[in-house]
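S.K.: The following block contains a protein sequence and its predicted model.
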Amino acid sequence: MFKEYSPLDDKLFQVMDNDGKIINPDWMPDISDERLQKAFKDMLFARQADLMAVSYQRQGRMFTYPPNFGQEAISGGLAQVMRDQDWLVPAFRELGAWLAKGATLKEVFLYFMGYEDGTVFKNAKNITPISVPIGSQLIHAAGIGYAVNYKKEDSVVYAIIGDGGTSIGDFHEALNFATVWNAPVVFVVQNNQFAISVPFKKQTRSINIAVKGIAYGMSSIKVDGNDLFAMTRALREAEAHAKSGKGPVLIEALTYRRGAHTTSDDPTKYRTKEEEEKWSITDPLDRLRKYMVAQKLWDASQEENLLAEYKKEIDRQFEEAENYPAYPLDDVFRHMYVDITDDLKEQKVEHEKFLKWKEGLK
Amino acid sequence: MEGGTEMKVMTIVQAITDAIDIKLAEDPTIVTFGEDVGVEGGVFRATEGLQKKYGEHRVFDSPLAESAIVGSAVGMAMNGLRPIVEMQFCGFVYPAMNQIISHAARIHNRSRGRYKTPMVIRFPYGGGINALEHHSESMEAMYGHIPGLKVVIPSTPYDAKGLLISAIESDDTIIFMEPKRIYRAIKQEVPEEKYSIPIGKAKILNEGTDITVIAYGAMIREAQKAVAMAKKDGISVELIDLRTIYPIDKQTIVESVKKTGRMVVVHEGPNTFGVGAELTAIINEEAFLNQEAPVVRVTGFDTIVPLPRGEHHYIISPEKIYYGIQKSIKF
């Protein structure tokens, strides 16, 4: 596959077109009907949660939120390959992948409400915290992959970054280390065309992002990131490649961030309605729905009821997050060190004295 | 400032834009760039409208890479330009630390003065805006500790404009830290024309006789509230806005403490090895016998700034500053 779809020729790996027709049947991944229905439902749920997250934020009930709108097939593909023993090393715009790995929506809400507890993902195995500095976590993926080889584990590391992150040195260092070490890492670049306001064409003069992996000696491919089948197949090939000891893979997933960078951002400052409309034709959910309806795997008339159910569930988890216990003073201190310093203990005691004094002021 | 000059009400962000605007108009060697600086005009709009006015070759978006932003600015500076670069948040400067410490701060020395690096690295810092990870820290002490850097922090629109103009005109590398919590919270009449405020000079905001309080950036506003609380209790506070972290204005501080005999230092950044520690050392060295009480440090904890739900524990309130004042007075 990696030879056939060489990034050097700027080839795009696609299985399904924008009308939901299979245009590349040779590469259609094997997914059972039930699994496909679940994948679609999960993407639908993630989108609904995402839209509601933006609206909660607008109501002032959450501090910020980075929308995933339009990028659901990338997480959807990851959901098809990630096993418990695999690692997910995310950035901050991978809602569907977090949920697929076992994070709860409530936790995600908690994080964007401002609780560290929200990025612990305590029921998810092998997931690293949400990572806000751009690109730096990719190097951890190389290290985790080294440890996988060292311990002879059967694990693959999935590391996620956006297009902007590929300009930062850490991205290149991570690809190089992972390749030199034959680490079983699959790097997934969500090329959503914008790093906040800066468009892809200003980010790099490379014909694509996947081509950058070639220089490091790794297998690389550019995939239609809005095509669940293409994402699933490419990730499965990458998984097999990584597990067979051939080293890491770089997947550029071509997509479009239909929403803002975060809720603090205003995309009308830097892009046009026409451009947004042009990309909306490639929407991952619309395409998959068309395919599934044509295959009689989906009855679009039940979608409304399903969405009503999802909305209730999302509201429920959001309200649970909103009713999360207050943040105790001790939480500021107790995880700073494994072995807390006396100095910190004193600072806490001193602050408690102040709080007592402050009570007396009133 | 001369009489008759036109005044305009500005926020700190607007004053910063105005300073860059004035210098871009005046000096063709000045360029400004960074992530989202061009088309968007910066995520906090500090460079709003400037690309339209001066063109894409002078005000532009760079690819996303802090190290390359600072490093290329060093190269530009060595070849005759005077770059102003923006780092999006205090917590995003770290990828550029190698360029800052290993090159920007030392090229003048290591080239024995052959090369200068007249550049400004500006970025928002500080907590209190309910921001997520890496958006709230105050690491001025770290920059102050790096030989070869000058570190400036304004607290008002007037100072922001005057200090930034001095920073841009300086032939040294200036770290210009902007208190984002009060980016838009304070409005002030600012002269429309060019003026500058010297780097390295503190400002006495409130004369007093009983105790000296030293603060800077967003902490000034909190300290002013504490000063009012103290006044009610009959304590006369001398409030000093440090304005420059390095070079530190020893003279103003020492003279004040010689007069009052007591000092409280306020900063958001961690306590240990912080600006407060440096000020304490200065007072010990220069005004040892004048002290009526040990220096009190009202600072952030030695912890990472908690995420927003826990930030109220960390943030310094006027009450906490007043508690510090009381502690010193009652010693």
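M.R.: On my side now, so go ahead. If you're wondering where the values come from, they're calculated on a predicted model, not measured in any experiment.

S.K.: any idea where the helices of chain B begin and end?
M.R.: Assigned by DSSP state H, the helices in chain B fall at B:12-26, B:50-54, B:66-78, B:97-99, B:107-110, B:140-144, B:157-169, B:219-232, B:250-260, B:275-286, B:308-314, B:318-329.

S.K.: how about the ones you listed in a markdown table, adding mean neighbour count?
M.R.: Backbone N, C-alpha and C define where each C-beta goes, glycine included. Formatted as a markdown table, the helices of chain B follow (neighbours: other C-beta atoms under 10 Å in any protein chain shown):
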| stretch | mean neighbour count |
| --- | --- |
| helix B:12-26 | 22 |
| helix B:50-54 | 17 |
| helix B:66-78 | 21 |
| helix B:97-99 | 17 |
| helix B:107-110 | 16 |
| helix B:140-144 | 23 |
| helix B:157-169 | 25 |
| helix B:219-232 | 21 |
| helix B:250-260 | 19 |
| helix B:275-286 | 18 |
| helix B:308-314 | 20 |
| helix B:318-329 | 22 |
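
S.K.: just so I know, which of those lies nearest B:Gly38?
M.R.: In terms of C-beta to C-beta, the element of the helices of chain B nearest to B:Gly38 is helix B:50-54, at 4.6 Å.

S.K.: Grab the CA positions of that closest one and hand them over as CSV.
M.R.: Extracted C-alpha coordinates of helix B:50-54, given in CSV (Å, rounded to 0.1, in the frame of the first residue of the first chain):
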residue,chain,number,x,y,z
LEU,B,50,-0.7,46.1,11.2
GLN,B,51,-0.3,43.7,8.3
LYS,B,52,-2.8,45.7,6.2
LYS,B,53,-1.0,48.9,7.0
TYR,B,54,2.6,47.7,6.6
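
S.K.: mean confidence score for that helix?
M.R.: Mean pLDDT, helix B:50-54: 98.

S.K.: What about whichever residue of chain A sits closest to chain B, how many residues nearby?
M.R.: Among the residues of chain A, A:Gly114 lies closest to chain B, at 3.0 Å counting by C-beta to the nearest C-beta. Residues contacting A:Gly114 under the criterion other C-beta atoms under 10 Å in any protein chain shown number 21.

S.K.: With A:Ala238 instead?
M.R.: A:Ala238 has 28 nearby residues by other C-beta under 10 Å.

S.K.: how about the nearest residue to it, chain neighbours excluded?
M.R.: Once flanking residues are discounted, A:Ala238 sits nearest to A:Val249: 3.8 Å by C-beta to C-beta, 6 or more residues apart in numbering or on different chains.

S.K.: who touches the one you found in this structure?
M.R.: A:2, A:185-187, A:213, A:218-221, A:237-238, A:241-242 (C-beta atoms under 8 Å, 6 or more residues apart in numbering or on different chains).

S.K.: Including pLDDT, could those go into JSON lines?
M.R.: Shown next, in JSON lines, are those (pLDDT from 0 to 100):
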{"residue": "A:Phe2", "pLDDT": "94"}
{"residue": "A:Val185", "pLDDT": "98"}
{"residue": "A:Val186", "pLDDT": "98"}
{"residue": "A:Phe187", "pLDDT": "98"}
{"residue": "A:Gly213", "pLDDT": "97"}
{"residue": "A:Met218", "pLDDT": "96"}
{"residue": "A:Ser219", "pLDDT": "97"}
{"residue": "A:Ser220", "pLDDT": "98"}
{"residue": "A:Ile221", "pLDDT": "98"}
{"residue": "A:Glu237", "pLDDT": "98"}
{"residue": "A:Ala238", "pLDDT": "98"}
{"residue": "A:His241", "pLDDT": "97"}
{"residue": "A:Ala242", "pLDDT": "97"}
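
S.K.: The residue nearest to A:Ala238 and A:Val156, how far apart?
M.R.: Per C-beta to C-beta, to the nearest Å, A:Val249 is found 10 Å from A:Val156.

S.K.: intersection of neighbour lists for these two?
M.R.: Counting by C-beta under 8 Å, 6+ apart, the shared contacts of A:Val249 and A:Val156 are A:Val185, A:Val186, A:Ala242.

S.K.: Quick check: closest non-adjacent residue to the second one.
M.R.: The shortest distance from A:Val186 to any residue other than its chain neighbours is 4.5 Å, reached at A:Ala238 (C-beta to C-beta, 6+ apart).

S.K.: just the CA coordinates of the helix or strand containing the one you found, formatted as PDB?
M.R.: Using DSSP states H and E, A:Ala238 sits within helix A:228-243. C-alpha atoms of helix A:228-243 as PDB (Å, rounded to 0.1, in the frame of the first residue of the first chain):
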ATOM      1  CA  LEU A 228     -13.800   6.100   7.400                       C
ATOM      2  CA  PHE A 229     -13.000   3.200   5.200                       C
ATOM      3  CA  ALA A 230      -9.700   4.700   3.900                       C
ATOM      4  CA  MET A 231      -8.700   5.600   7.500                       C
ATOM      5  CA  THR A 232      -9.500   2.200   8.800                       C
ATOM      6  CA  ARG A 233      -7.700   0.400   6.100                       C
ATOM      7  CA  ALA A 234      -4.600   2.600   6.200                       C
ATOM      8  CA  LEU A 235      -4.500   2.300  10.000                       C
ATOM      9  CA  ARG A 236      -4.800  -1.500   9.800                       C
ATOM     10  CA  GLU A 237      -1.900  -1.600   7.300                       C
ATOM     11  CA  ALA A 238       0.100   0.600   9.500                       C
ATOM     12  CA  GLU A 239      -0.700  -1.500  12.500                       C
ATOM     13  CA  ALA A 240       0.500  -4.700  10.700                       C
ATOM     14  CA  HIS A 241       3.600  -2.800   9.500                       C
ATOM     15  CA  ALA A 242       4.500  -1.600  13.000                       C
ATOM     16  CA  LYS A 243       3.800  -5.000  14.600                       C
END
